[in-house]
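**Q** the sequence isn't on hand, but the structure is:
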């Protein structure tokens, strides 16, 4: 076994060669543990053991194909893809023909394994239109073969009832060219009889379930399975299998492979004929001469059969009811039964389907082109039933031959590797089953030879004479016994009944019942039936019975079934010996086909049948483990200080130095030309244990070094950051100190300059000047305000020193009277003016008080007007009915004035500036504003608006400028304490009253009747 790259698990080793101790119980326990972990594949060297999970597992994805493509066989977990890849690369790169042998019980997953091998080869081989066509044909051959050769048994719903061998041919580049399929030992007896709970071949049920009504009428069939005797007149339902869908899949597969529509129709007609033959009933009668005769009881079925194959019904009836035997000039008629013709017809129908498959699958290459071959053998495994007949005898003979080639090829491969590596070969003791093969196949004294002799011997021939002959010739053979031979040796064994013989196979003792041996081995089709089939006007049927050609009449008896199978096995063995073998052993974990259920007793029996213990013993007879020097040194070099961390010399010298420091016994090690050999698994496990301990130490060392490096790096980064932050902080602190000192110096300078100015002013100021100055200021204020009821000039004052008083100063109430004359009068007036002037200077015009650009909630309001924004502010709208105020958002643009709901940010009112008739304000700092609208406008019909704004002066100024820009006229502005507004229910008189009851947050509006409203201000 080659070494793996993953740690060895003593409880579930991936390779059973390393199992220690090696017993049947430990082998089954290891398979069970791996099965529990969903590891269904296990190695014995380069042999793959596959345990059927009876459920889909996510281990056949395209990613898995890439993982196993061009990888080392033992570098990844055991998988069927690994053996398929190894075989394909050996074929492509080393020009070695390959063969993959898949064996196991029915239901162990052999068919699925062959599909996986073929799908993997198709996935990794080259791409191209012609190559893809060939690969698709190879893959689509499976549905056709399963339809004609598979059936439901008590053990498996899709059991292959024949052995299949496919040769896939490749060109020198590894691209598939085509394939050739051979079949072995079709279970023909299933056609005419099968036990309750089983089904006949799938094709019958698929045809009845999936064929269209027109096709069924053409084939003269009914859709009811219970109508046909060969289907046991039972229901065709099978859980988990859709016969109709499978029929369409088979038709599509035939089309892909290359069957023409006419060929498909002919094949289905032959299938229908076989199905209908089961309903042809023969009745016995006696002629006048006293001889027994046969007749057809229901001629309708016979007539329909003859219509399908183009044959006269009387010809077929005569062939079914009589047999012509010629002896010199005398002709003798004997009766004949239907099962003989029916059974042979379907078997040859299956052969026809295989021939039809081989025609399009056969590679079309030049004779001088080099071809490489990969064979895939899907064949039945060793069988031991309660009642074993001729089929089990033939099957077990085939498995004996496969076991023989398996052991010999394994030993040959082992010996060749030892010689190649220069290691002394020690002869291996193993059970050589050639004595059993010779017992069965010997040309003179073998069981098959004596069976053929009995079939050809004239006179009374039956199974008793055959068994008597076996006892006479093989009574002393140590691998043969029967009731008579036991009695001769005075052995009492109740488990061996009469009419039975027992063979000691490599997999165990099997008792065979000789009943039916003679009939099944003869497998004769009488000349009358062959000639009748040849006379049919049906191309496919005529090709199935070439011996019926009157021009090729032969008196030579056809070969027996045993002789044919022996010849086929001999050809198969010759084919396998010429190729490099690869093995897949399939195991069925339980009899109930339950997902992930493992029955140790059943698996143990299959381990014996498959000869797995013998396989392991042969593999580990010499050295259980071998690996190339390079990978071995790379894996274990940390165990010796001289090879760790780097070895600069050759790989072999490094491996020798490494193992010399570990003090293993010399007999446990051997050094070949390219590989190191270790004898016992225990030494390998000890080596792996030391590696795991050393890896843990190295991991701790690496963690320690990494943590130290990480802490040092983090500390240096933190120190660098701390220095940078400290520098910036100190600079920021000094800058703030400088700014504070500068502000303090400016304040001190200002106070000093003010003190000097006041001192100079007081020195030159006169009392008479104060009175004149006070009168002058008063007159300017009165003329600027315009008095009660005055109109603001159409052009606002220039934004000079007087602008704040003219525009912004209106926010504060003007003095109601001029301060008293006298020495202190001018000072009081100057103080009042300064108090009124300074707040106005501290409120510059901002325009946007809502932050529309920063607040995404309000951005859609701006989109309503679709023009440039002039001012955005929050105001309070006075309810016309009760005088209460509600908050609103006010947007003034170059053409519109919008009032919106602040919560929903939805427009409530949109005014065009041309709809505004005028504006009224009071003389108080109340922020009250009346917006008069034209009655002819759409919004004006609802009445004027009463608003309260905290930025009234800016609002009126910007509204005035915007209105003038749009209309070309000045905005009519009225400053008054009494004015009239237009509401929908009539005009309402507004009176502004100064009252201590007013709120400090703004004016209070109270409705006085239906036509009056009073506004209280402070």
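**A** That came through, no problem. All values derive from a computational prediction rather than experimental measurement. Numbering: from 1, shown residues only.

**Q** hey, where'd the strands end up in the stretch 901-1018 of the chain?
**A** 906-912, 916-921, 928-933, 945-948, 973-975, 978-983, 986-994, 1004-1008, 1012-1017 (DSSP state E, counting those that start in this stretch).

**Q** what of the stretch 1-150 of the chain?
**A** 41-44, 47-51, 98-104, 150-151.

**Q** could you dump those to CSV with distance to residue 696, mean pLDDT and mean neighbour count?
**A** Using the backbone N, CA and C atoms, a C-beta is placed for each residue, glycine as well. Listed next are the strands of the stretch 1-150 of the chain as CSV, based on distance: least, Cβ to Cβ, whole Å; pLDDT from 0 to 100; neighbours: other Cβ atoms under 10 Å:
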stretch, distance to residue 696, mean pLDDT, mean neighbour count
strand 41-44, 27, 92, 23
strand 47-51, 32, 93, 25
strand 98-104, 41, 88, 25
strand 150-151, 53, 86, 22
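
**Q** need the ones you listed in TSV with distance to residue 980, can you?
**A** Formatted as TSV, the strands of the stretch 1-150 of the chain follow (distance: least, Cβ to Cβ, whole Å):
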stretch	distance to residue 980
strand 41-44	101
strand 47-51	103
strand 98-104	108
strand 150-151	105
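
**Q** just so I know, which of those strands lies nearest residue 684?
**A** strand 41-44 (14.3 Å; Cβ to Cβ).

**Q** and of the strands of the stretch 1-150 of the chain, who's closest to residue 638?
**A** strand 41-44 (25.9 Å).

**Q** could you list every helix and strand in contact with that closest one?
**A** If contacts are counted by 3 or more Cβ pairs under 8 Å, 6 or more residues apart in numbering; DSSP states H and E, strand 41-44 sits against helix 24-36, strand 47-51, helix 612-619.

**Q** if we go to 10 Å?
**A** On a contact count with 3 or more Cβ pairs under 10 Å, 6 or more residues apart in numbering; DSSP states H and E, strand 41-44 meets helix 24-36, strand 47-51, helix 80-94, strand 580-587, helix 612-619.

**Q** still on that earlier bit, out of the strands of the stretch 901-1018 of the chain, nearest to residue 480?
**A** With Cβ to Cβ as the measure, strand 906-912 is the member of these nearest residue 480 (103.8 Å).

**Q** buried residues of the closest one, list them for me.
**A** For strand 906-912, burial by neighbour count (16 or more other Cβ atoms under 10 Å) applies to 907, 910-911.

**Q** so which helix or strand of this structure has the lowest pLDDT on average?
**A** In the chain, the helix or strand scored least confidently by mean pLDDT, DSSP states H and E is helix 803, which has a mean of 38.

**Q** now mean pLDDT and distance to residue 447 too, for the strands of the stretch 901-1018 of the chain, in CSV please.
**A** Putting these into CSV (pLDDT from 0 to 100; distance: least, Cβ to Cβ, whole Å) gives the following:
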stretch, mean pLDDT, distance to residue 447
strand 906-912, 87, 101
strand 916-921, 92, 122
strand 928-933, 91, 122
strand 945-948, 92, 119
strand 973-975, 89, 130
strand 978-983, 88, 124
strand 986-994, 88, 128
strand 1004-1008, 85, 124
strand 1012-1017, 88, 128
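
**Q** could you dump the ones you listed to CSV with distance to residue 433?
**A** Below are those laid out as CSV (distance: least, Cβ to Cβ, whole Å):
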stretch, distance to residue 433
strand 906-912, 95
strand 916-921, 116
strand 928-933, 115
strand 945-948, 112
strand 973-975, 123
strand 978-983, 118
strand 986-994, 122
strand 1004-1008, 118
strand 1012-1017, 122
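
**Q** closest one to residue 252 among those?
**A** Closest to residue 252 of these, according to Cβ to Cβ: strand 906-912, at 63.7 Å.

**Q** quick one: strands adjacent to the closest one?
**A** strand 896-901 (antiparallel) (DSSP bridges).

**Q** give me the angle between the strand it pairs with and strand 916-921.
**A** Here strand 896-901 runs at an angle of 60 degrees relative to strand 916-921 (axes from the mean of the first three to the mean of the last three Cα atoms, to 10 degrees).

**Q** rounded mean pLDDT for the top helix by length along the chain, please.
**A** For the chain, the longest helix by residue count, based on DSSP state H, is helix 681-764. The average pLDDT within helix 681-764 is 91.

**Q** hmm, back to that, out of the strands of the stretch 901-1018 of the chain, the one nearest residue 422 is which?
**A** Evaluated with Cβ to Cβ, those place strand 906-912 nearest to residue 422, the distance being 94.6 Å.

**Q** report the distance from stretch 170-177 to the chain centre.
**A** Centroid separation for stretch 170-177 versus its chain: 31 Å, with Cα atoms, centre = their mean, to the nearest Å.

**Q** equivalent analysis for stretch 468-485, please.
**A** With Cα atoms, centre = their mean, you get 59 Å for stretch 468-485.

**Q** list the buried residues in it.
**A** Of all the residues in stretch 468-485, those buried under the rule 16+ other Cβ under 10 Å are 469-471, 473-474, 477, 479-485.

**Q** and for stretch 452-465?
**A** Within stretch 452-465, the residues that count as buried by 16+ other Cβ under 10 Å are 452, 454-455, 463.

**Q** ok, and what's touching it?
**A** 444, 446, 451, 466-470, 498-499, 513-519, 521-524, 557, 559-563, 566 (Cβ atoms under 10 Å, 6 or more residues apart in numbering).

**Q** over to stretch 929-937?
**A** Stretch 929-937 is contacted by residues 875, 878, 897, 899, 911-912, 914-922, 939-949, 952, 955-956, 959, 972, 974, 976, 979-982, 990, 1015 when judged by Cβ under 10 Å, 6+ apart.

**Q** hmm, which of the residues you listed are the buried ones?
**A** Neighbour counting with 16+ other Cβ under 10 Å marks 875, 878, 897, 899, 911, 915-922, 939-940, 943-949, 952, 955-956, 959, 972, 974, 976, 979, 981-982, 990, 1015 as buried within those.

**Q** out of the helices and strands packed on strand 41-44, which gets the lowest mean score?
**A** Among those, helix 612-619 carries the lowest mean pLDDT, a mean of 82.

**Q** who does that helix touch, helix- and strand-wise?
**A** helix 24-36, strand 41-44, strand 47-51, helix 390-421, strand 580-587, helix 600-609.

**Q** chain center to the fourth one: distance?
**A** For helix 390-421, the distance from its own C-alpha centre to the chain's C-alpha centre is 39 Å (Cα atoms, centre = their mean).

**Q** quick check: angle from it to helix 600-609?
**A** Calculated by the same axes, to 10 degrees, helix 390-421 forms an angle of 70 degrees with helix 600-609.

**Q** helix 390-421 to helix 612-619, inter-axis angle?
**A** Counting by the same axes, to 10 degrees, helix 390-421 lies at 20 degrees to helix 612-619.

**Q** need the next SSE after helix 390-421, C-terminal direction.
**A** Moving toward the C-terminus from helix 390-421, the first helix or strand encountered (DSSP states H and E) is helix 434-441.

**Q** kindly indicate which of the buried residues of strand 906-912 lies nearest residue 860.
**A** Distance to residue 860 across the buried residues of strand 906-912 (Cβ to Cβ) is lowest for residue 907, with 9.3 Å.

**Q** for the closest one, list each beta-bridge partner.
**A** Beta-bridge partners, per DSSP bridges, of residue 907: residue 900.

**Q** can you tell me how far it sits from residue 894?
**A** According to Cβ to Cβ, to the nearest Å, residue 907 and residue 894 sit 17 Å apart.

**Q** and what of residue 630?
**A** Separation of residue 630 from residue 894 (Cβ to Cβ) stands at 84 Å.

**Q** and what of residue 415?
**A** For residue 415, the distance to residue 894 - Cβ to Cβ - is 103 Å.

**Q** with residue 886 instead?
**A** 27 Å.

**Q** can you check residue 619 too?
**A** As judged by Cβ to Cβ, residue 619 and residue 894 stand 96 Å apart.
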